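Peer 1: Quick one, structure for this:
(one chain, ligands or ions: 1)
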Amino acid sequence: MNRSKRIISLAIFLIFFSQIFSISSIQGDSSQASEVYGYPDYSQIENALFQLNSSYSSICALHAIGKTYEGRTIWALKISDNPNVDEDDEPDILIMGEHHAKELISAVIPLMFAESLVHNYSSNPEVREYVDSNEVWVVPVVNPDGYEYAVQGHLDWRKNRRPVDVNGDGVPDGVGVDLNRNYAHHWGEQGVSHDPQSDIYCGPAPFSENETRAIRNLVLSHHFVFSVSFHSYGQIIYYPWGNSIDPPPMDRSLMEAIAKQMSGYNLYRVMEGKETYSTTGDSDDWLYANTSCLPFTIELGKEFVPPPQYINEIFMKNDGALLYLLSISHNPYLALSTDKTNLRIDSFDVNSGNASIIVENQGNYSVSAYVNISAGDARNTTKILLAPHEKEALNMGISCPSCRIYNASIASVHGAQEWNISDNSAVFFVYPPSEDVHNAHYTIYALAAFGLIVLLSTVAYLFKKHKLH
Ligand SMILES: [Zn+2]
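Peer 2: Numbers count the residues shown, from 1 in each chain. The predicted structure follows:
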């Protein structure tokens, strides 16, 4: 990167970071800023966590849950009322990011979720209720050494940074373990490598790594109902199993229903982990096999490191999915409820190439849907996302100057077990403007006058002809 590009990148990064984390001044030397513009380095993520913890101490408690090979701390931010008390009647929910180094977005989204929970706590009653009734644990970076290595420019790196000496001769045989292959369930059996040079090296033994042990110890000391492990990329929500050794999971239909509900917010595809490729040793399989947690992996976005201008959109989609989990944590079976969506077009109006449509969600589930407008050969489609009982006003451009009939419809709905569309189509007639009507009248008068002249001439001709004979 040349100097001017660097300055522009740094400026974009500072704007992004100060907006997201509401930090008015960033401490430290700017030369330590990230090499990957738009993404904070690890010390800046730590500073954001420290800031949240100190500014919102009534609902935050920051825990150091482990140390990496290079000496960095793995942090877990607990967000709840009475954050320093382990309240047994409140479900624990674990949000993790960044098992894999180059998947930088997977660290930023959990951090933004933590930030949004504490910022909206006092102003948004729904968020307040979720925070008060749950214990939310956010581990934005499971793999701090890998994150820092990637963010400093090594965007092909996936594993942690620990040199591994397999045969004990004092010479490392490779660097790094794939942390999402290092958990203990069927460790080392499928979709892994035992070669320390490989990107998917599962480590010398299950839980050989500080990072996976840190997660294991956190998990075993609480009662997690749900966990979400963020990765990138693919726009997919996975539920167990990741391996193809175990028989179908007992809670398959429940996990699938929950994942489908979440997909109503982010519009991601829903799959059992092994459907893409079988692996063993990932966090979800271990969590599901060894605890009562229902674990999900969400593959964010369309690339490992989306350009910073997409971060907010990715967050907005997944924020809804996470809040949904908090809303059903006391009774996950709510996801199997048959409550209907009841999406309808509330009003529809067309004005000079622009259609105004109000769509209302009358149901108790958030849903996403496609709204279509058509007139003649012209059509336009918009995707919307509606919270329960929310109305949204859409302005959709459509150009068909000669059209008189416009049709708006709701095409397909995602996000609810059962859904029902009432009033899914509306028709709008455009009447000709009054000047046209005026001109049209003259045309009719002119045609009528011409017709009358022709008629009279014919009659006169026939009369004259008749008379002559
Ligand atoms: Zn990953």
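Peer 1: C-alpha only now, for contacts and for neighbours.
Peer 2: Noted.
Peer 1: Strands of the stretch 151-300 of the chain, start to end?
Peer 2: 163-164, 174-175, 224-232, 236-239, 269-272, 294-300 (DSSP state E, counting those that start in this stretch).
Peer 1: ranges for the helices of the chain?
Peer 2: Listed in chain order, the helices of the chain (DSSP state H) span residues 3-21, 42-55, 105-120, 125-133, 144-151, 210-220, 252-266, 283-290, 311-328, 434-468.
Peer 1: what residues are up against whatever residue of the stretch 301-450 of the chain ends up closest to the ion?
Peer 2: When distances are taken as CA to the ion, the stretch 301-450 of the chain reaches nearest to the ion at F304, 8.7 Å away. For F304, the contacting residues are 102-105, 232-233, taking CA atoms under 8 Å, 6 or more residues apart in numbering as the criterion.
Peer 1: Equivalent analysis for T280, please.
Peer 2: 181, 185-192, 242-243.
Peer 1: Now do the contacts for K391.
Peer 2: For K391, the contacting residues are 358-361, taking CA under 8 Å, 6+ apart as the criterion.
Peer 1: ok, whatever residue of the stretch 201-350 of the chain ends up closest to the ion - how many residues close by?
Peer 2: Residue nearest to the ion within the stretch 201-350 of the chain (CA to the ion): H231, separated by 4.3 Å. Counted by other CA atoms under 10 Å, the residues lying close to H231 total 27.
Peer 1: neighbours around the closest residue to the ion within the stretch 51-200 of the chain, how many?
Peer 2: Sorted by distance to the ion under CA to the ion, the residues of the stretch 51-200 of the chain start with H100, at 4.8 Å. The number of residues packed around H100, counting by other CA under 10 Å, is 28.
Peer 1: Please check the contacts of F304 and keep the buried ones.
Peer 2: If you count burial by 16 or more other CA atoms under 10 Å, the buried members of those come out as 102-105, 232-233.
Peer 1: Just put these in JSON lines and tack on pLDDT and distance to D169.
Peer 2: Output for those, formatted as JSON lines (pLDDT from 0 to 100; distance: CA to CA, whole Å):
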{"residue": "K102", "pLDDT": "97", "distance to D169": "30"}
{"residue": "E103", "pLDDT": "97", "distance to D169": "33"}
{"residue": "L104", "pLDDT": "97", "distance to D169": "35"}
{"residue": "I105", "pLDDT": "97", "distance to D169": "38"}
{"residue": "S232", "pLDDT": "97", "distance to D169": "36"}
{"residue": "Y233", "pLDDT": "96", "distance to D169": "38"}
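Peer 1: from memory V171 sits against P163, does it?
Peer 2: No - with the criterion set as CA atoms under 8 Å, V171 and P163 do not qualify as a contacting pair; they are 9.1 Å apart.
Peer 1: More neighbours: these two, which one.
Peer 2: Each of V171 and P163 had its neighbours counted (other CA under 10 Å), and the higher figure belongs to P163 (15 against 11).
Peer 1: can you pull up the bridge partners for that one?
Peer 2: Counting by DSSP bridges, P163 forms beta bridges with V175.
Peer 1: Just give the number of residues close to A64.
Peer 2: Residues near A64, counting by other CA under 10 Å, number 11.
Peer 1: Excluding covalently adjacent residues, which one is nearest to it?
Peer 2: By the measure of CA to CA, 6 or more residues apart in numbering, the closest residue to A64 outside its immediate chain neighbours is W75, 4.8 Å from it.
Peer 1: Read off the pLDDT value for that neighbour.
Peer 2: As predicted, W75 sits at a pLDDT of 98.
Peer 1: now A393
Peer 2: Note for A393: predicted pLDDT of 90.
Peer 1: Could you do S253 as well?
Peer 2: pLDDT, the model's per-residue confidence, is 89 for S253.
Peer 1: Please apply the same query to S347.
Peer 2: pLDDT recorded at S347 is 78.
Peer 1: and what of H469?
Peer 2: H469 is assigned 51 on the pLDDT scale.
Peer 1: what's the span of stretch 283-298 from first residue to last?
Peer 2: The distance separating the two terminal residues of stretch 283-298, taken as CA to CA, to the nearest Å, comes to 12 Å.
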